[in-house]
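Q: Output the structure for:
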Amino acid sequence: MSEKTIAAISTPLGAGGIAVIRISGDDAVKIADKCFKSYSGKSLLSLKGYTASYGQIVNNETVIDDGVALVFLSPKSYTGENVVEISVHGGRIVARDALRTVLDAGAVPAENGEFTKRAFLNGKLDLAAAESIMGIISAKNETALKISRNAKEGRISKEINSIIERLLEFSASMSVYADYPDEEIDGLNPISFGNSLGEISCSLKKLIDSYDTGKIIREGIDCCIVGKPNVGKSTLMNLLCGSDRSIVTDIAGTTRDIIESTVDIDGITLNISDTAGIRKTHDVVEMAGVNKSKKRLDTATLIFAVFDISRPFDNDDLELINSLENNSIILLNKSDLCNNSQIDLSVFKGRKTISISAKENSGIDELKKYISDFVNINNFSDNDAILVSERQRDCVQRAYNCIFDAKNTLEAGYTLDAVGVCVDDCLAALLELTGKRVTNEVSDEVFKRFCVGK
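A: Okay, the predicted model is just below:
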């Protein structure tokens, strides 16, 4: 642990009610006391932990601002060190000058995520919980916030630690077996041992499968609205966004570039792109938009393919249908003008179809339900342990591979020594996930993704 006392602005820069300068380290209170003069005349050094003082931030007799200094004493602080948080009026200049005053008094600028890194190193939280902090800060919807909050409160760690405890019992039993190979050791009966390894394998697989759902919830689904000109794409875009995001006219080819927006649909973030109408055209500008639309088809996670059922399908419609993949949902728009009873749905090759009227806001609830089913959010529970980073997924995947090898090794009739190697490798991967056995390089990589003030 560095002996340096660090400081940074921990609130967003810009106009606001307050800005907070956070100081952490052995000399945090001493440094804050040099530049904070309370109106009561009391020194910050004389205050108990969890005590606030109102006064002025002063740099060489120049008053920077008045504000509040809140003192936390080790170990009862976020970082586990002495911490002082000075709140001043919000604003770039005031916050900058207050931070400079603290640095002039002896603190050094904090690195990205250094406050949380110190909390991890001082045992205030494990690595899995630390990674959830940025998820809480950057959550785009309530569901993403729940996932990160669960991780912060130790839901992932609890699940992993329960597996670690079982593996440690196996490892200890195999150590006893190594010394007394002729004795019957509890828990190492081939059948019960194999069943236990199978149960652990299932638990790890469930965690791995949770990552993809969690990633979609956190980062959102890249959705693309495609179709011919004037089928109602822009009207649908505006309906989902709740505002006039795209221009809507009766003139075909109005949308010539990709219009993007992010919306929250029942706790699911959609990164929606409204694309130019796909059709054959000799207009150079419109053709550029059509080409962009076709490229977006290749990168979108979910495609809303819109068709106007008030008119017969033509070659442009059929060409679009043939280009669609299985990640497409067919939206039969303008159902207020007619119904789809005369539509040959077989042309859509079994893909999900929903009749909607973007103009009249009908069929949208069914579309929202389809989106929820696509994300599998209905099976999400507030108590679920969901992996929140690619690093965590990699650790669990390695652990799963090791348990799979251990089970196969046991079933193949190899000695328990060989099985023990696989179990130990599994343990190492899970201990790396929680941070109980992790290299400096790994922890540095985790915390450099944080913002400076966290």
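
Q: Quickly list what Leu302 is bridged to.
A: Taking DSSP bridges, one finds Cys223 as the beta-bridge partners of Leu302.

Q: and it, how far is that from Ile386?
A: For Leu302, the distance to Ile386 under the criterion CB to CB, to the nearest Å works out to 20 Å. In short, each C-beta sits where N, CA and C put it, glycine included.

Q: contacting residues around the closest residue to Leu240 other than its chain neighbours?
A: The shortest distance from Leu240 to any residue that is not its chain neighbour, by CB to CB, 6 or more residues apart in numbering, is 5.4 Å, and that residue is Val263. Shown in contact with Val263 (CB atoms under 8 Å, 6 or more residues apart in numbering): 240-242, 269-270, 272.

Q: With the flanking residues excluded, which residue is spatially nearest to Lys352?
A: The shortest distance from Lys352 to any residue other than its chain neighbours is 5.0 Å, reached at Ile329 (CB to CB, 6+ apart).

Q: who touches the one you found in this structure?
A: Ile329 makes contacts with 302-305, 351-354, 367, 370, as judged by CB under 8 Å, 6+ apart.

Q: Would you point out the most distant pair within those?
A: When CB to CB is used, the two most widely separated members of the contacts of Ile329 are Leu302 and Thr353, lying 14.9 Å apart.

Q: How much space separates Asp298 from Cys224?
A: Asp298 sits 10 Å away from Cys224, taking CB to CB as the criterion.

Q: Show me which of the two is the more surrounded one.
A: Between Asp298 and Cys224, counted using other CB atoms under 10 Å, the more crowded position is Cys224 (25 against 9).

Q: Name all residues that make contact with the spatially closest residue to that one that is not a sequence neighbour.
A: Counting by CB to CB, 6+ apart, the nearest residue to Cys224 once its immediate chain neighbours are dropped is Ala300, at 3.7 Å. When contacts are counted by CB under 8 Å, 6+ apart, Ala300 is found next to 222-224, 273, 327.

Q: What is the most widely separated pair among the residues you listed?
A: Based on CB to CB, the longest span within the contacts of Ala300 runs between Ser273 and Asn327 and measures 14.0 Å.

Q: I'd like the secondary structure assignment at the residue nearest to Lys352, please.
A: Per DSSP: H, G, I helix; E, B strand; the rest coil, the secondary structure class of Ile329 is strand.

Q: Distance check, it against Ile225.
A: According to CB to CB, Ile329 stands 11 Å off from Ile225.

Q: Identify the contacts common to the two.
A: Phe304.

Q: any idea of the pLDDT on Ile147?
A: In this model, Ile147 is scored at 85, pLDDT.

Q: The helix or strand containing it: which residues count as buried?
A: Ile147 is part of helix 142-152 when elements are defined by DSSP states H and E. When burial is assessed from 16 or more other CB atoms under 10 Å, helix 142-152 yields the following buried residues: 143-148, 150-152.

Q: Give me the neighbour count for Thr262.
A: Look at Thr262: counted by other CB under 10 Å, it has 12 neighbours.

Q: Let me see the mean pLDDT of stretch 363-380.
A: 81.

Q: buried stuff in it?
A: Result for stretch 363-380 [16+ other CB under 10 Å]: buried residues 363-364, 367, 370-372, 374-375, 377, 380.

Q: and Ala385, which of the three is it?
A: Classification of Ala385 into helix, strand or coil gives coil, according to three-state DSSP.

Q: I misspoke; the intended subject was Tyr54.
A: strand.

Q: was I right about it contacting Val68?
A: Yes: between Tyr54 and Val68 there is a contact under CB atoms under 8 Å: 5.5 Å.

Q: returning to what we had before: any idea whether the residue nearest to Leu240 is helix, strand or coil?
A: Of the three states, Val263 takes strand according to three-state DSSP.

Q: on that earlier part again, per-residue pLDDT of the residue nearest to Cys224, please?
A: Each residue has a pLDDT score; the one for Ala300 is 80.

Q: Ok, Arg166 next?
A: Residue-level confidence at Arg166 comes out at 90, pLDDT.

Q: Repeat that for Gly113.
A: Looking at Gly113, its pLDDT is 90.

Q: tell me the contacts of it?
A: 446-451, 454.

Q: let's go with 10 Å and repeat that
A: With contacts defined as CB atoms under 10 Å, 6 or more residues apart in numbering, Gly113 is in contact with 119-120, 130, 133-134, 443-444, 446-454.

Q: about what we covered before: turn the buried residues of helix 142-152 into a markdown table, columns for distance to Ala172.
A: Putting the buried residues of helix 142-152 into a markdown table (distance: CB to CB, whole Å) gives the following:
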| residue | distance to Ala172 |
| --- | --- |
| Thr143 | 40 |
| Ala144 | 39 |
| Leu145 | 40 |
| Lys146 | 37 |
| Ile147 | 34 |
| Ser148 | 35 |
| Asn150 | 31 |
| Ala151 | 29 |
| Lys152 | 31 |
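
Q: For Val108, state which of those is nearest.
A: Each of those was checked against Val108 using CB to CB; the closest is Lys152, at 27.6 Å.

Q: Assess the claim that the closest one and Ala119 are in contact.
A: No: counting by CB atoms under 10 Å, Lys152 sits too far from Ala119 to count as a contact (11.5 Å).

Q: tell me, what's touching these two both at once?
A: By CB under 10 Å, 6+ apart, Lys152 and Ala119 have these common neighbours: 125, 129-130, 133.

Q: would TSV of those residues with pLDDT be doable?
A: Conversion of the shared contacts of Lys152 and Ala119 to TSV gives the following (pLDDT from 0 to 100):
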residue	pLDDT
Leu125	90
Ala129	90
Ala130	89
Ile133	89
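
Q: Tell me which stretches of the chain form helices.
A: Along the chain, counting by DSSP state H, helices occupy 28-35, 92-104, 114-121, 127-138, 142-152, 155-179, 190-219, 233-241, 284-299, 315-323, 364-375, 390-411, 416-434, 440-447.

Q: Counting by contacts, list what the second one packs against.
A: Contacting helix 92-104 under the criterion 3 or more CB pairs under 10 Å, 6 or more residues apart in numbering; DSSP states H and E are the following elements: strand 6-9, strand 18-24, helix 28-35, strand 36-38, strand 51-59, strand 62-72, strand 83-89, strand 108-109.
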